[in-house]
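Asks: Please find the sequence and the predicted model below.
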Amino acid sequence: MSTEVNSLENQIEPNQNHNQQKVDINILLNRVRSEKKREKKENLLFLSLIGSVIVVTGIIASL
């Protein structure tokens, strides 16, 4: 009998989502844009680091 009650409670709970907050699409878009900017900066930093290592290696090898 208790399993029947538990299964009925589990069926009722998922339908009680009336108190959820609304999501503002502008906030989500701004978050995505800021993440893309951060990724671009990280990629640029990484590429410049690799470029400098190549230049320094070339200078050392030419000596």
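Replies: Ah, there it is.

Asks: in this structure, what spans have low per-residue confidence?
Replies: 1-19 (pLDDT under 70).

Asks: In stretch 29-40, which residues are buried?
Replies: By neighbour count on 16 or more other CB atoms under 10 Å, the buried set for stretch 29-40 is empty. Glycine gets a C-beta too; all of them are placed from N, C-alpha and C.

Asks: what's the answer for stretch 44-60, then?
Replies: Applying 16+ other CB under 10 Å to stretch 44-60 flags no residue as buried.

Asks: separation between residue 34 and residue 54?
Replies: With distances taken as CB to CB, to the nearest Å, residue 34 is found 31 Å from residue 54.

Asks: do the same with residue 38
Replies: Counting by CB to CB - residue 38 and residue 54 are separated by 25 Å.

Asks: Kindly report the same for residue 47.
Replies: For residue 47 relative to residue 54 (CB to CB), the value is 11 Å.

Asks: now swap in residue 24 and tell me
Replies: Taken as CB to CB, the span from residue 24 to residue 54 is 45 Å.

Asks: where's residue 39, which helix or strand?
Replies: Residue 39 is part of helix 25-62 when elements are defined by DSSP states H and E.

Asks: Residue 23 now?
Replies: Going by DSSP H and E, residue 23 is not part of any helix or strand.

Asks: tell me the phi and psi of it?
Replies: phi -100, psi 130 (degrees, to the nearest 10).

Asks: Report the separation between it and residue 47.
Replies: 35 Å.

Asks: Could you tell me how many residues sit around residue 20?
Replies: 6 (other CB atoms under 10 Å).

Asks: Also the one 5 residues further on?
Replies: Residue neighbour count, defined by other CB under 10 Å, stands at 8 for residue 25.

Asks: And it, how close does it get to residue 34?
Replies: 15 Å.
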